[in-house]
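Undergrad: build me a model:
(3 chains)
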Amino acid sequence: MTANILGEFEGVVKRFKEIGALNGLTFKIYKGVNGLIGPNGAGKTTTIRLSLGLIKPDTGSATLLGFDCWKQSLDLRQRIGILYEKPAFYDHLSGLDHLKLMAKLKKLSDPLGESKQVLKLVDFDNEAQYRRISGYSAGMRQRLGLAHALLGQPELIILDEPTSNLDPLGRAQVIELLNTLKKRGFSFLISSHILSELEKVCDHVILMNGGIAVRQGMLASLLSEVPSGIFRIKVHPNEPIVDLLKQEESVKSVTPVENYLIVITYNAHKFQQRLPFLVARANAFLEEVKMEGNDLESLFKIAVAQGDKR
Amino acid sequence: MWPNNALIDLFKAEIQKAWSFPILEIAVGLIAFTTIANIHVLLNISTQTGLLASFSILISDSFFDSLYSQMLFLSIFCGVLVSLSFARDYEQGFMQTLLSSPVSRSVVFLVKFFAVILPLTILTWVMTTSIVFLNFYSGSSVMVVIEKALWALPVIFIALMFCGGFAAFISLSLKRTIPSVLTVVLAGFSIWYISTVTSDVVGNIANYFILTPFPVPLIALSRVFGRVVTPFISLGDFEYVLPTWVFWVLSVFYALVFLVPVYVYFTRRFEIRE
Amino acid sequence: MLFLNASSEHVPRSYIYTLGEIPVNVTHVYVVSIAPVGPGNISVGYFRITGNAPGLGGPPSELFAESVVLPLHLLITDPANRTLFNADIVTPDFFAVDFNTRGDYLVYLTNNGNKSESIPIGVQFGEGNLQNREFDKYMLSVTLTLIGVILIVVGVVKKLVAKPVLSC
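TA: Next up, the predicted model:
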């Protein structure tokens, strides 16, 4: 494993009864901020649990920091930090006491000092740290969980949906904090379905769908591949218009995604002129039309629509 | 895996979590409730030479009756607490947090398990011994009480190990709090009820019911106390025929029969899937 | 728990224990170990008694008893080794004792007769004095109830005092 690669999943398969949660997942985790993105059911949480030795892969190999995720899980857990979507604590303890306990379990030489340091890092060094966790708000619990994940300067920090329980202000604060920590040299693997936020922090991105990695690479490089002229339209009914769109010479591809049609065009301007005519010919009603930008969300939709497997 | 400060702190945190208000208060109240109902008043007449032997019988009876009356409540209470410790933590995501910490699974299991068993054993033992001691205190009886109490301690521990092991097995299988607790309560009542069925009702097969988990440790204790007849338990010839070591071996077997497989499963194959 | 006393074991009104034969001119010592249960009788020589023993209060009723007749010298001492009774008697007979101290009351019997006999020793109580007779249980149940109340109150107070204010 080179110095830049912190972890590697190779052909990992995990099935829960008949359901294939991971179907040959292959990707690498690099130094910096890695985003693991995908829709619900893509296998992100399964991937994270597998990383921490909470789940055993059926086949394939998963290694982080040179340790096998299942067989050497204990050694691995000494070196990484984790923040779950709904962090759980010893609620009867105060925030500081809980961190001290976790610091002792990590065999840190100065549990109290380290705890106070990480609390300061996440802007949680007020009197609330002495109060019982049972009285904390969701945002406070999230901060405490982040402080817990940062204990002991871990080589990799795994964050599972770190902003899902927060209001917009809280989310913005967490993103800002992640950027600060990134500058300090921390590496992250962040799982999220809020793509607009990930775009602000990620260096590398792994797009997951159906238990496999459909795209992965540097964010900037991937975004440069997003073609212009992508439209998301909502037409009712949409079946008649699909054939018409496919026959249209300005249209490269048409893919139904949920209630929408993702239309990739060669010529966005010409398509915009032709669309009303096509809708009328199909005797349909155009409810919504939106031109997608050059962003992570568009990239993800393309990857999912194309079923790209690289 | 010698316990260091961190593991001791983890154990303390688990005990505080498992015994948070009002669990401890309910346990103390119910143990006292069942014990006080079985106080043997101090009234004994014997010769001087036979005084110690006579006291020994009285104190043995007192310990035995007290523990017998507590056993149903204790076993169900223990099972419920262990179920809550495993199943509820799984449901609430705390098991995931613990297993993601730099602590081995073995430690997690043992800490959670013994955070319930050890305090309950000590609480039961202290309260029972204190009440027997208060009842029978006199110059000659102190050593007898201590001797009987020392035997009662491992018996209580072994009996609760069975209840806890069974509850851990159920809760890690079902992974849901309410079904686990209900199953444990029902099973506890059923196992207790079986041991009370007499041969009048079911015939000779009732003789074998004394080999079920509920009466076995109590019979082992009664043998150590030098008692042959165990009150309130249906008697069969079986009980007189079998040697003492059979009951001790069975007690240890029952203590481990669920515990060991569950421990191995938890440390080697248990997965967090939700 | 205080109510539980109604269902838990009571000191019996009459408790008799038959001990081994006492040879002629030999003294045997018997130990009556008892809680502080108040005034009662020690009986010597009665195998079985029904009805109210003398001196224990309650309505007079015919005393029916099985007994043995034997001349003895009787000495009774309390747990502090004070002599309560020391005289020649002929069984069967009753001797009033106030069991106000927990411990061993010693009964020394010397057979002054001409044959060895088994002599039963017993204690009897009247219908009254229930509080004294249940002294141990009341003391215990009050102690345990108080402990329970203290624990509950401490728990509730801790829960209420420690209840944190949610931050905005």
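
Undergrad: give me the buried positions along the helix or strand where A:Ala149 lies.
TA: For A:Ala149, the host element (DSSP states H and E) is helix A:138-150. For helix A:138-150, the neighbour count (16 or more other CB atoms under 10 Å in any protein chain shown) marks A:Gly139, A:Met140, A:Arg141, A:Gln142, A:Arg143, A:Leu144, A:Gly145, A:Leu146, A:Ala147, A:His148, A:Ala149, A:Leu150 as buried. C-beta coordinates here come from the backbone N, C-alpha and C atoms, glycine included.

Undergrad: burial check on B:Val257, number of neighbours?
TA: 17 (other CB atoms under 10 Å in any protein chain shown).

Undergrad: measure the closest residue to it other than its chain neighbours to B:Leu186 for me?
TA: Nearest residue to B:Val257, sequence neighbours excluded (CB to CB, 6 or more residues apart in numbering or on different chains): B:Gly165, at 7.1 Å. According to CB to CB, to the nearest Å, B:Gly165 stands 17 Å off from B:Leu186.

Undergrad: and for C:Tyr30?
TA: Taking CB to CB, one finds C:Tyr30 at 52 Å from B:Leu186.

Undergrad: comparing the two, which residue is more hemmed in?
TA: C:Tyr30 (26 against 11).

Undergrad: report the angle between the helix or strand harbouring A:Glu114 and helix A:138-150.
TA: Element membership for A:Glu114 (DSSP H and E) is helix A:111-121. Helix A:111-121 runs at 130 degrees relative to helix A:138-150, counting by axes from the mean of the first three to the mean of the last three CA atoms, to 10 degrees.

Undergrad: buried sites along helix A:111-121?
TA: Within helix A:111-121, the residues that count as buried by 16+ other CB under 10 Å are A:Pro111, A:Glu114, A:Ser115, A:Lys116, A:Gln117, A:Val118, A:Leu119, A:Leu121.

Undergrad: ok, stretch A:275-295 next?
TA: Neighbour-count burial for stretch A:275-295 [16+ other CB under 10 Å]: A:Leu275, A:Leu278, A:Val279, A:Ala282, A:Ala284, A:Leu286, A:Val289, A:Met291, A:Glu292.

Undergrad: kindly report the same for stretch C:73-87.
TA: Buried-residue list, stretch C:73-87, by 16+ other CB under 10 Å: C:Leu74, C:Leu75, C:Ile76, C:Thr77, C:Asp78, C:Pro79, C:Leu84.

Undergrad: follow-up on the earlier one: please see if the helix holding A:Ala149 touches chain C.
TA: Yes - if you take CB under 8 Å from any CB of the partner chain as the test, helix A:138-150 does meet chain C, through A:Met140.

Undergrad: what residues does that helix touch?
TA: With contact meaning CB atoms under 8 Å, 6 or more residues apart in numbering or on different chains, helix A:138-150 is reached by A:81-84, A:87, A:89, A:95, A:98-99, A:102, A:115, A:118-119, A:121-124, A:128, A:133, A:136, A:157-159, A:162-163, A:165-167, A:170, A:174, A:177, A:181, A:186, C:167.

Undergrad: switch the cut-off to 6 Å
TA: The contact list for helix A:138-150 (CB atoms under 6 Å, 6 or more residues apart in numbering or on different chains) reads A:81-83, A:87, A:95, A:102, A:118-119, A:122, A:124, A:157, A:165-166, A:170.

Undergrad: quick one, phi psi at the closest residue to B:Leu81 other than its chain neighbours?
TA: In this structure, B:Leu81 finds its nearest non-sequential neighbour in B:Val116, 4.5 Å apart by CB to CB, 6+ apart. Backbone dihedrals for B:Val116, given as degrees, to the nearest 10, come out at phi -100, psi -50.

Undergrad: for the most centrally placed residue in chain C, what are its contacts?
TA: What sits nearest the mean C-alpha location of chain C, by CA atoms, centre = their mean, is C:Ile34, with 4.6 Å. Residues in contact with C:Ile34, defined by CB under 6 Å, 6+ apart, are B:Leu43, C:Phe99.

Undergrad: what sits opposite it in the beta ladder?
TA: Counting by DSSP bridges, C:Ile34 forms beta bridges with B:Leu43, C:Gly103.

Undergrad: how close does it sit to chain A?
TA: 48 Å (CB to the nearest CB, to the nearest Å).

Undergrad: can you check C:Leu84 too?
TA: 59 Å.

Undergrad: stretch B:12-28: how far from the chain's middle?
TA: 17 Å (CA atoms, centre = their mean, to the nearest Å).

Undergrad: which residues of the stretch 1-150 of chain A fall in helices?
TA: In the stretch 1-150 of chain A, the segments counted as helices under DSSP state H, counting those that start in this stretch are A:44-51, A:73-77, A:95-105, A:111-121, A:138-150.

Undergrad: pull out the buried residues from the second one.
TA: Pointing back at helix A:73-77 there. A:Ser73, A:Leu74, A:Leu76, A:Arg77.

Undergrad: JSON lines for those residues, including pLDDT?
TA: Listed next are the buried residues of helix A:73-77 as JSON lines, based on pLDDT from 0 to 100:
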{"residue": "A:Ser73", "pLDDT": "94"}
{"residue": "A:Leu74", "pLDDT": "93"}
{"residue": "A:Leu76", "pLDDT": "94"}
{"residue": "A:Arg77", "pLDDT": "94"}
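
Undergrad: could you work out the most separated pair of those?
TA: By the measure CB to CB, A:Leu74 and A:Leu76 form the most distant pair in those, at 7.2 Å.

Undergrad: okay, now the unreliable bits of the chain?
TA: You didn't say which chain, so I picked chain A. Scanning chain A with the threshold set as pLDDT under 70 gives A:1-3, A:225-228, A:293-294, A:305-310.

Undergrad: meant chain C, my bad for not saying
TA: In chain C (pLDDT under 70), the answer is C:1-11, C:52-53, C:56-64, C:127-141, C:162-168.

Undergrad: ends of stretch A:119-133, how far apart?
TA: Stretch A:119-133 has its terminal residues 14 Å apart, counting by CA to CA, to the nearest Å.

Undergrad: what number of residues lie near the closest residue to C:Gly40 other than its chain neighbours?
TA: Excluding the flanking residues, the one nearest C:Gly40 by CB to CB, 6+ apart is C:Phe125, at 4.4 Å. Neighbourhood size, C:Phe125 [other CB under 10 Å]: 24.

Undergrad: repeat that for B:Phe209.
TA: When counting by other CB under 10 Å, one arrives at 22 neighbours for B:Phe209.

Undergrad: one more: the one 10 residues further on?
TA: Close neighbours of B:Ile219, defined as other CB under 10 Å, add up to 24.

Undergrad: before we move on, which element is it in?
TA: Assigned by DSSP H and E, B:Ile219 falls in helix B:215-224.

Undergrad: contact partners of that helix?
TA: Among residues not part of helix B:215-224, those counted as contacts by CB under 6 Å, 6+ apart are B:64, B:68, B:151, B:155, B:158-159, B:195, B:230, B:233, B:244, B:247-248, B:250-251.

Undergrad: around chain B, pick out the residues from the stretch 51-200 of chain A.
TA: Contact residues (CB under 6 Å from any CB of the partner chain) of the stretch 51-200 of chain A with chain B: A:52, A:54-55, A:74, A:77-78, A:82, A:86, A:88, A:90, A:92, A:101, A:104-106.

Undergrad: list the contacts of B:Cys163.
TA: Each residue near B:Cys163 by CB under 6 Å, 6+ apart is listed here: B:Ser75, B:Cys78, B:Gly79.
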